[in-house]
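S.K.: Starting from these lines, generate the structure:
(one chain, ligands or ions: 3)
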Amino acid sequence: MGLCNSKPSPNPCTFASPVPDTRIADVRANDNSIPPKDVPKSDLAAGNGGENHNEEEKEKTGKNEKTVLESVKKSPFFQFYSPSPAHYFFSKKSSAGRSPATNAASANSTPKRFFKRPFPPPSPAKHIRAVLARRHGSVKPNEAAILEGSEAEVTGLDKSFGFSKHFGSKYELGDEVGRGHFGYTCQAKFKKGDLKGQQVAVKVIPKAKMTTAIAIEDVRREVKILRALTGHNNLVQFYDAYEDHDNVYIVMELCEGGELLDRILSRGGKYTEDDAKAVLIQILNVVAFCHLQGVVHRDLKPENFLFTSKDENSLLKAIDFGLSDFVRPDERLNDIVGSAYYVAPEVLHRSYGIEADVWSIGVIAYILLCGSRPFWARTESGIFRAVLKADPSFDEVPWPSLSFEAKDFVRRLLNKDQRKRLTAAQALCHPWIRSSIEVKVPLDILIFKLMKAYMRSSSLRKAALRALSKTLTVDELYYLKEQFTLLEPNKNGTISLENIKTALMKNATDAMRDSHIPDFLASLNALQYRRMDFEEFCAAALSVHQLETLDRWEQHAHCAYELFEKDGNRAIVIEELASELGLSPSVPVHAILHDWIRHTDGKLSFLGFVKLLHGVSSRNLAKAQ
Ligand SMILES: Nc1ncnc2c1ncn2[C@@H]1O[C@H](COP(=O)(O)OP(=O)(O)OP(=O)(O)O)[C@@H](O)[C@H]1O
Ligand SMILES: [Ca+2]
Ligand SMILES: [Ca+2]
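M.R.: Ligands and ions are numbered 1, 2, ... in the order given. Predicted structure coming up:
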């Protein structure tokens, strides 16, 4: 484990450094000059002194990080935020259109920002990609351009976005309020009109940093997604985008309460369970909303959530859609992007979807509750190893004193298997969340994915799922009931295809069209001529993979099998079963399905029943062979 201790430090421009992905990291790495008095230098040496340790030693040192943060906080020499010599280089006042190098220190920026490097690499995603590529020795020629794009100046790129060119005449740019790898954000004021004097935030992205077609596309997509996603309370309000010869300007609502990370730090790293809940509910809500629209954020971390005001109960807003993308529920993405501490294992395996965001929320939840990072090491490869192992510790203080539900909640978000992980909407139904606060559960995109699979299933599988749905407990039914209610406006006990479409349209933004969710729904057309009652809905929308994670799964399955025996099981020959399952003739059905059928009476065996519940395809059966 490692402490969440500070803001991003300069991301080394070369990838050879042993410093962990500093997007999330570690002001310590920057301050070589003034170590806090009480803290052993070795513990601070994440960025520069770490080379004295071998990696195991370094990871051990990390275990003490909590104590380190505490002593660091107590120390009168808590100088991590104090200006390094670079401060003098940065200490001029901000003005519009200037190089970010001269913009780092403004009256409103916290001193730690002085440590930001003038020209960090344009994409942290590349950072992760590059590390992996080096490790696997597999940089493909087209990736080489992505990886090295920041170094190799690419000419002939079209850097016009078609945005309005009148930024300067509409807004007066003020002080810098924040900075990331891609740009810097300033306050600005409307110069004239009804809104004269009203404050906004402007993210300025220098075109000089857009050195590859991919970097340009990233900015285009960031604006497209911000423009399309509107109307959620926990999402920063986008106003407009502008450009001139030097920069792109993204104008949005000004959030004056600072980053979630700063608030975590100011509380000494820890939140009470109730305070953590209040933060997590807002994060889960906005992420469920993005997922319903078919948008995956891909860079969820405490730096990318801002409070609207300094108020304790201020609203939290998601920002920075710079790495976001459109994705359908049945689509897998393969580009490795994100921030190392928060990246999900399946992203490193290059096959992921919206579930990756929920993993990152799990990491945030873990940090909120205990003040430490769940996956920590001093090198990038060490962090990736920890992520891939996906075995966060719940043994150390304060975990033993936290509630069982809190731990269960975090565990279910940090499930290594993306199919077993809770969705954002499901997480809002977790007993830990709903025990103390009444939460309005949003519509879950997972429902549509599962219903689609159900509609395409054989009658035998539908019967098996029905049997399983009858074994669900009140807690498990809570989420399904909530979802059903959202789809059932007439409260007549059944839903139709029309109801589903209406519910979606009610929640739709332009992003939903761009992510092709309506096309995805075409598969539910079989519902056109009939309605679905709650019982069938439960069978259609339950996730077998998720139920499998429960301690009582065995009981569920046996109980369901007994029900299936009474009402659904029937004698079936292997060929018929194969055809029911839609297996292709190339699958050696006798070898595979032999044990699925009970030899005494030719009906489905328990093994066959459980396999059927999971759903089979020729492909996964061939793989299992
Ligand atoms: N609407 C806003 N109101 C106030 N501050 C903001 C706003 N948007 C961004 N900021 C500040 O600017 C910082 C950088 O913005 P943002 O995260 O969008 O940039 P980035 O370059 O994409 O960052 P990253 O390095 O995480 O990719 C934020 O962390 C925050 O401190
Ligand atoms: Ca950011
Ligand atoms: Ca970003």
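
S.K.: going forward, measure contacts and count neighbours with C-alpha atoms only.
M.R.: Will do.

S.K.: Near ligand 1, which residues of the protein are found?
M.R.: Counting by CA under 6 Å from any ligand atom, the residues of the chain close to ligand 1 are 177-185, 201, 252-256, 259, 303-304, 319-320, 322.

S.K.: from the residues you listed, which ones fall inside strands?
M.R.: Among the residues of the chain next to ligand 1, the ones falling in strands (DSSP state E) are 177-179, 184-185, 201, 252.

S.K.: Among the residues you listed, give me the pair with the biggest separation.
M.R.: Farthest pair in these (CA to CA) is 179 and 252. Separation: 15.0 Å.

S.K.: and residue 496, what does it touch?
M.R.: By CA atoms under 8 Å, 6 or more residues apart in numbering, residue 496 lies in contact with 527-528, 530-532.

S.K.: out of the residues you listed, which are inside strands?
M.R.: Using DSSP E, residue 532 are the members of the contacts of residue 496 that sit in strands.

S.K.: where are the low-confidence patches of this protein?
M.R.: For the chain, applying pLDDT under 70 flags the ranges 1-155, 617-625.

S.K.: ok, and what's touching the longest helix seen in it?
M.R.: Secondary structure of the chain per DSSP state H: the longest helix is helix 273-292. For helix 273-292, the surrounding residues in contact (CA under 8 Å, 6+ apart) are 229, 232-235, 296-297, 316, 318, 354, 357, 361, 365, 368-369, 402, 406, 423-425, 427-428, 433, 439, 441-445, 512.

S.K.: Can you give me the buried ones in it?
M.R.: 273, 276-277, 279-292 (16 or more other CA atoms under 10 Å).

S.K.: got it, and stretch 489-506?
M.R.: 494-497, 499-500, 503-504.

S.K.: and what of stretch 451-468?
M.R.: Residues 451-452, 454-455, 457-458, 460-468 are the ones in stretch 451-468 that count as buried (16+ other CA under 10 Å).

S.K.: Using PDB, write out every CA atom in that stretch.
M.R.: Below are the C-alpha coordinates for stretch 451-468, written out as PDB (Å, rounded to 0.1, in the frame of the first residue of the first chain):
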ATOM      1  CA  MET A 451     -31.600  -8.400 -21.400                       C
ATOM      2  CA  LYS A 452     -30.100  -8.600 -24.900                       C
ATOM      3  CA  ALA A 453     -28.300 -11.800 -24.000                       C
ATOM      4  CA  TYR A 454     -31.500 -13.200 -22.400                       C
ATOM      5  CA  MET A 455     -33.700 -12.500 -25.400                       C
ATOM      6  CA  ARG A 456     -31.200 -14.400 -27.600                       C
ATOM      7  CA  SER A 457     -31.000 -17.400 -25.200                       C
ATOM      8  CA  SER A 458     -32.600 -20.800 -25.800                       C
ATOM      9  CA  SER A 459     -35.800 -21.600 -24.000                       C
ATOM     10  CA  LEU A 460     -33.900 -24.000 -21.800                       C
ATOM     11  CA  ARG A 461     -31.500 -21.300 -20.600                       C
ATOM     12  CA  LYS A 462     -34.400 -18.900 -20.000                       C
ATOM     13  CA  ALA A 463     -36.000 -21.600 -17.800                       C
ATOM     14  CA  ALA A 464     -32.700 -22.000 -15.900                       C
ATOM     15  CA  LEU A 465     -32.400 -18.300 -15.300                       C
ATOM     16  CA  ARG A 466     -36.000 -18.100 -14.200                       C
ATOM     17  CA  ALA A 467     -35.300 -20.800 -11.600                       C
ATOM     18  CA  LEU A 468     -32.200 -18.900 -10.400                       C
END
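
S.K.: Show me how far that stretch is from its chain's centre.
M.R.: Centre-to-centre, stretch 451-468 and its host chain are 30 Å apart (CA atoms, centre = their mean, to the nearest Å).

S.K.: And the strands in the chain?
M.R.: Under DSSP E, the chain gives strands at 2-3, 171-179, 184-190, 199-206, 238-243, 247-252, 295-296, 305-307, 316-318, 325-326, 372-373, 494-495, 532-533.

S.K.: and the fifth one, what does it pack onto?
M.R.: Packing contacts for strand 238-243, counted by 3 or more CA pairs under 8 Å, 6 or more residues apart in numbering; DSSP states H and E, involve helix 213-228, strand 247-252.

S.K.: could the ones you listed be laid out in CSV, adding distance to ligand 3 and mean neighbour count?
M.R.: Formatted as CSV, the helices and strands packed on strand 238-243 follow (distance: least, CA to the ion, whole Å; neighbours: other CA atoms under 10 Å):
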stretch, distance to ligand 3, mean neighbour count
helix 213-228, 9, 19
strand 247-252, 12, 24
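
S.K.: could you dump these to a markdown table with distance to residue 375?
M.R.: What follows is these, written out as a markdown table (distance: least, CA to CA, whole Å):
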| stretch | distance to residue 375 |
| --- | --- |
| helix 213-228 | 28 |
| strand 247-252 | 33 |
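
S.K.: Now, the buried residues of stretch 451-468 that are in helices?
M.R.: Judged by DSSP H, the buried residues of stretch 451-468 include 451-452, 454-455, 460-468 as members of helices.

S.K.: List the residues that contact residue 574.
M.R.: Counting by CA under 8 Å, 6+ apart, residue 574 touches 589-590, 593-594, 597.

S.K.: hang on, the earlier thing: next, the angle from the longest helix of the chain to helix 213-228.
M.R.: Interaxial angle, helix 273-292 versus helix 213-228 (axes from the mean of the first three to the mean of the last three CA atoms, to 10 degrees): 100 degrees.

S.K.: Around ligand 3, pick out the residues from the chain.
M.R.: The chain comes close to ligand 3 at residues 320, 322, as judged by CA under 5 Å from the ion.

S.K.: Drop anything exposed from the contacts of residue 496.
M.R.: Buried by 16+ other CA under 10 Å: nothing, out of the contacts of residue 496.

S.K.: just the contacts of residue 496 now: which is nearest residue 540?
M.R.: Checking the contacts of residue 496 one by one against residue 540 (CA to CA), the nearest turns out to be residue 532, at 9.5 Å.

S.K.: picking that back up, so which of the buried residues of stretch 489-506 is the closest to residue 190?
M.R.: residue 504 (36.0 Å).

S.K.: Run a quick neighbour tally on the nearest residue to residue 610 once chain neighbours are set aside.
M.R.: Once flanking residues are discounted, residue 610 sits nearest to residue 557: 7.2 Å by CA to CA, 6 or more residues apart in numbering. For residue 557, the neighbour count with other CA atoms under 10 Å is 21.
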